[in-house]
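S.K.: the sequence and its predicted three-dimensional model are supplied below.
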Amino acid sequence: MPKRERAPEDVVERALVRIRRDQQAARLHRTATKGGSAKAPSPGAARFRYLDALDEAEDGMAISEIAAAIGVDRPRASRLTTELLDDRLIERRADPGDSRYARIRLTARGRSLVDDIHATRRAAVTEALAGFTAEESHTFAALLDRFVTAWQRRGSAIQHR
């Protein structure tokens, strides 16, 4: 019996599941074997999304902006802020335009942690792309970027319904 070709959406959905499971397994393995980095606590998923959002914000962000960027409610963002302040990964400064509001920024320690995680992820991507030609790597990167952009637009449309 010939093997039936699977629909692209099925293949992509299963690939996303495999990536997610691999990331979760790797995180669990790191937690079990290392107990986190000596330099800074290993961030959980929400904590890393928080730090990663700040990485792209030169002037920092308000807590409400962070909450929206990482998909949590304001109270959860406030609790994450307290945890990350305690770990000295972020700092709170008065907004130059209105001192009643605070802007949250990465500390040098927080930036170092984010940079380390990005470097580790880039190394894993480089390893995964090792079997691709340069042309295939560029094509894959362009198509993946296009897919993620469409995925984000879809998520944004669902949130605004």
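M.R.: Thanks, I have the structure now. Residues are numbered from 1 along each chain as shown.
S.K.: now do Arg14 against Val148, distance only.
M.R.: As judged by C-beta to C-beta, to the nearest Å, Arg14 and Val148 stand 17 Å apart. Quick note: C-beta positions are derived from backbone N, CA and C, even for glycine.
S.K.: and the end-to-end length of stretch 122-138?
M.R.: 15 Å (C-alpha to C-alpha, to the nearest Å).
S.K.: how far does that stretch sit from its chain's centre?
M.R.: In terms of C-alpha atoms, centre = their mean, to the nearest Å, the centre of stretch 122-138 is found 20 Å from the chain centre.
S.K.: so that it lines up with my notes, have the first residue be 39 from now on.
M.R.: Right, with 39 as the first residue, what we last looked at is stretch 160-176.
S.K.: quick one, helices of the chain?
M.R.: 46-71, 83-93, 101-108, 112-124, 146-166, 172-197 (DSSP state H).
S.K.: redo those helices as JSON lines? Include distance to Ser137.
M.R.: Output for these, formatted as JSON lines (distance: least, C-beta to C-beta, whole Å):
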{"stretch": "helix 46-71", "distance to Ser137": "39"}
{"stretch": "helix 83-93", "distance to Ser137": "20"}
{"stretch": "helix 101-108", "distance to Ser137": "16"}
{"stretch": "helix 112-124", "distance to Ser137": "18"}
{"stretch": "helix 146-166", "distance to Ser137": "23"}
{"stretch": "helix 172-197", "distance to Ser137": "32"}
